[in-house]
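> dropping the sequence and predicted coords here.
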Amino acid sequence: MYIRLNHRSPLLMSPEQSQRLAAAVDDMPAFPKSVQKILELTRDVDCTPKDLVQVIDKDPVLTVKVLKVVNSAHYNLPKQVTSINHAVVFMGFNTIKNLALSIAAIGMLPKSNAAGFDVQQYLLHSLATAGIAKQLASDLDNADPMDCFIAGLLHDFGKVVFAQFMPDEFRQALEASQRDGSSLHEALQHSIGADHALVGAMLVEKWRFPPLLVDTIRNQHGAGLKETDMTTCVFAANQISKKLQFGFGGNACIEELPPAMARRLGGNLDAVITRLGDLDALFEEAQIFSRLES
Amino acid sequence: MKVKFWGVRGSIASPGPHTVRYGGNTTCIEIRTDNNELIILDAGTGIFPLSQTLLTELPVQANVFITHSHWDHIQGLPFFIPNFIPGNLLRLHGAFDPVSGKGVEQVMSVQLQYSYFPVREAEMKARIEYVTLAPEQPIQVGSATITPYLLNHPVINFGYRIESHGKSVFFTGDHEPPYNIYEPGDAEYAEYQTFIDEKQAAILKAVQGVDVLIADTSYTAQEYPAKKGWGHGTFESSIQVARQAGARVLYCTHHEPTRSDDALEAAFAQALADNPAPPADKTEIRLAREGDSYEF
């Protein structure tokens, strides 16, 4: 049986396919730099929890896998967990450390893939979006800075999953979007039948991530854009990091803030960028983290 | 309700002339409800002498609750004698291990590998059932309601609250109160502290008003700084929780394997002196001793 995943195109992804995609993520390796750091830190019996957490919470794959475990039905926690720090308090540091270690043992995300998707640039874009979203959140009443960070970090998670597990279709979409400057969302709807926002949201929903996070990932684009303080921060941060070319997530199409978001943030994209001030430090930090060499 | 200690030692069994008074067996506690239902908390080496006493009341229906999968809490399991006698039932309860991805059956299967133990599970005559529990999802054992709570140790560790006929016991298993991994100057410090405060409040609520609290008091306050992050509590941390939760009796357990009986009593006396009871405090504080029982 086929379900309809979005209103624009006929459905191409069956529940079986989405189940397979979710299962495939279990075997997906993390980013090279974090794998390297985890192996290095965990060799040291005196490694501090703080050092390790700061590696995990900057890697979208590690973050997804840890949150997936802590939010699973096995633990039935009173409220869903959105941060690695919170996961450490619930599960204990050593459990998180050993989870990270077992993920690191899978290997490293290859630098190149059949989709031609640059994962290092993707990581840079995700980290910059996370950092900017966190900074924007501090000016709005109803957006938690840490939630915005994690939503920014994971907003494009669907892309890295496509690159790994549906590289041919993903390559077609990337090329189509690059050819005519159209939105990657539409190109993906055409080639896969669902865009990265929808698939990313579907995955994290399956893994029982908090509804706010699921919604923010799902509604990062287009007509269905849900307008809340949190989606505003993540949407704006995403456009800003594209505009300032902080990394590259495969989508060159920059969208202006819808009026309601502009009202919340007190101006259009350029005004928000001016107000944010110097982002060099933020970008530099993201760059250090995404670079392979230590 | 009756509580009997069959093993009070932490880490490794420590028999010998210096531990003869408090005992050398590792963690095992027998609970009997007023209906005589048998609940066993942890299966350290203390479960072996306990299991011998059960041979007079066959068939046995043993409900074993494992706090966590470290050796000192499971090592006696293959030697639980009723397993070898038809008609008995062993129902083993415990947590899901996120690192191995396995449920509580793992604590048995790991130990029954042929290189380590001569009898395979298929050869055991009793019925053995596994129940993997989720935190704060109570389970009924006859008249008793048993609720697991996620505490803090290097592996997933459940504290269990057992309630029956209006009486209650809470056993922590191994537990170190969570601490802030950041320095007060770090940006993340305040947020992390709110997570800890929430967790502490949840633990306190779980222990609230319990008749008997049995808690991990591995270390003294002086020893603790060198053992931070090892997953164990101190006399101080446990006394504090017992008093805040209004526990009637606190049993201090998980004694250090290197601590002689004299040293244990001295450490205990010092902890009591350092933590005088506030006015109107009614919590009675005792050292758990192998063979002792408490009926209430």
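Looks like it arrived, so ask away.

> quick check: nearest residue in space to residue 268, chain neighbours excluded?
Just so you know, I chose chain A. Excluding the flanking residues, the one nearest residue A:268 by CB to CB, 6 or more residues apart in numbering or on different chains is residue A:262, at 5.3 Å. C-betas here are computed from N, CA, C, even on glycine.

> sorry, should have said chain B
Nearest non-adjacent residue to residue B:268, counting by CB to CB, 6+ apart: residue B:287, 5.2 Å away.

> the one you found reaches residue B:267, doesn't it?
No. Residue B:287 is not in contact with residue B:267 according to CB atoms under 8 Å; the separation is 9.4 Å.

> show me the shaky parts of chain B.
For chain B, no stretch is flagged by pLDDT under 70.

> chain A contacts on that one?
With CB under 8 Å from any CB of the partner chain as the criterion, chain B meets chain A at residues B:96, B:98-99, B:132, B:134-137, B:150, B:152-157, B:178, B:181-182, B:186, B:188, B:191-192, B:195-196, B:198-199, B:202, B:229, B:231.

> residue closest to the middle of chain A?
Among the residues of chain A, the one closest to the centroid is residue A:154, at 1.6 Å (CA atoms, centre = their mean).

> what's the distance between the closest residue to that residue other than its chain neighbours and residue A:150?
Closest residue to residue A:154 apart from its sequence neighbours, by CB to CB, 6+ apart: residue A:60 at 5.6 Å. Distance of residue A:60 to residue A:150, given as CB to CB, to the nearest Å: 9 Å.

> okay, now residue 133: neighbour count?
Looking at chain A here, since you left the chain open. 30 (other CB atoms under 10 Å in any protein chain shown).

> try chain B instead
23.

> let me know the pLDDT of the residue nearest to residue A:268.
pLDDT, residue A:262: 94.

> residue A:212 in helix, strand or coil?
State at residue A:212, reduced to three classes by DSSP: H, G, I helix; E, B strand; the rest coil: helix.

> residues touching residue A:76, list them.
Residues near residue A:76 by CB atoms under 8 Å, 6 or more residues apart in numbering or on different chains: B:134-137.

> ok, it to residue B:281 distance?
Distance of residue A:76 to residue B:281, given as CB to CB: 34 Å.

> contact residues of chain A facing chain B?
Within reach of chain B by CB under 8 Å from any CB, chain A has these residues: A:48-50, A:53, A:69-70, A:72-78, A:83, A:85-86, A:88-95, A:98-99, A:102, A:146.

> only the buried subset of the residues you listed, as a ChimeraX command please.
Entered in ChimeraX, the line below selects the buried ones among the residues of chain A next to chain B, by 16 or more other CB atoms under 10 Å in any protein chain shown:
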select /A:49,50,53,69,70,74,75,77,83,85,86,88,89,90,91,92,93,94,95,98,99,146
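
> in the stretch 101-250 of chain B, which spans are helices?
Along the stretch 101-250 of chain B, counting by DSSP state H, counting those that start in this stretch, helices occupy B:105-111, B:189-207, B:235-244.

> what do you get for the stretch 151-294 of chain A?
A:157-165, A:167-180, A:184-191, A:196-206, A:211-218, A:229-243, A:259-265, A:269-276, A:280-290.

> and those as a markdown table, adding mean neighbour count?
Output for the helices of the stretch 151-294 of chain A, formatted as a markdown table (neighbours: other CB atoms under 10 Å in any protein chain shown):
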| stretch | mean neighbour count |
| --- | --- |
| helix A:157-165 | 25 |
| helix A:167-180 | 17 |
| helix A:184-191 | 23 |
| helix A:196-206 | 23 |
| helix A:211-218 | 21 |
| helix A:229-243 | 25 |
| helix A:259-265 | 17 |
| helix A:269-276 | 15 |
| helix A:280-290 | 16 |
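
> thinking residue A:148 is in contact with residue A:132, fair?
No. Residue A:148 sits out of contact with residue A:132 when judged by CB under 8 Å, with a separation of 9.0 Å.

> can you list residues touching both of those two?
residue A:237.

> neighbours of the residue lying closest to residue A:213 once chain neighbours are set aside, how many?
Excluding the flanking residues, the one nearest residue A:213 by CB to CB, 6+ apart is residue A:151, at 5.6 Å. Close neighbours of residue A:151, defined as other CB under 10 Å, add up to 34.

> can you give me the pLDDT of residue A:151?
pLDDT for residue A:151: 96.

> measure it to residue B:228 for me?
Using CB to CB, residue A:151 is found at 33 Å from residue B:228.

> burial count for residue B:36?
Counted with other CB under 10 Å, the neighbours of residue B:36 add up to 10.

> and it, how far from residue A:250?
Taking CB to CB, one finds residue B:36 at 67 Å from residue A:250.

> before we move on, what about residue A:191?
In terms of CB to CB, residue A:191 sits 13 Å off from residue A:250.

> leaving out chain neighbours, which residue sits closest to the residue of the stretch 51-200 of chain A at minimum distance from chain B?
With CB to the nearest CB, the shortest gap between the stretch 51-200 of chain A and chain B falls at residue A:94, namely 3.6 Å. In space, and not counting its chain neighbours, residue A:94 is closest to residue B:154: 3.6 Å by CB to CB, 6+ apart.

> tally of neighbours for that neighbour?
Neighbour count for residue B:154, taken as other CB under 10 Å: 19.

> over to residue A:105?
Count around residue A:105 with other CB under 10 Å applied: 11.

> check contacts around residue B:25.
Counted by CB under 8 Å, 6+ apart, residue B:25 has contacts B:6-9, B:13, B:15, B:44-46, B:48-49, B:290.

> doesn't residue A:203 make contact with the residue nearest to the centre of chain A?
No. Contact between residue A:154 and residue A:203 fails when scored by CB under 8 Å: they sit 9.6 Å apart.
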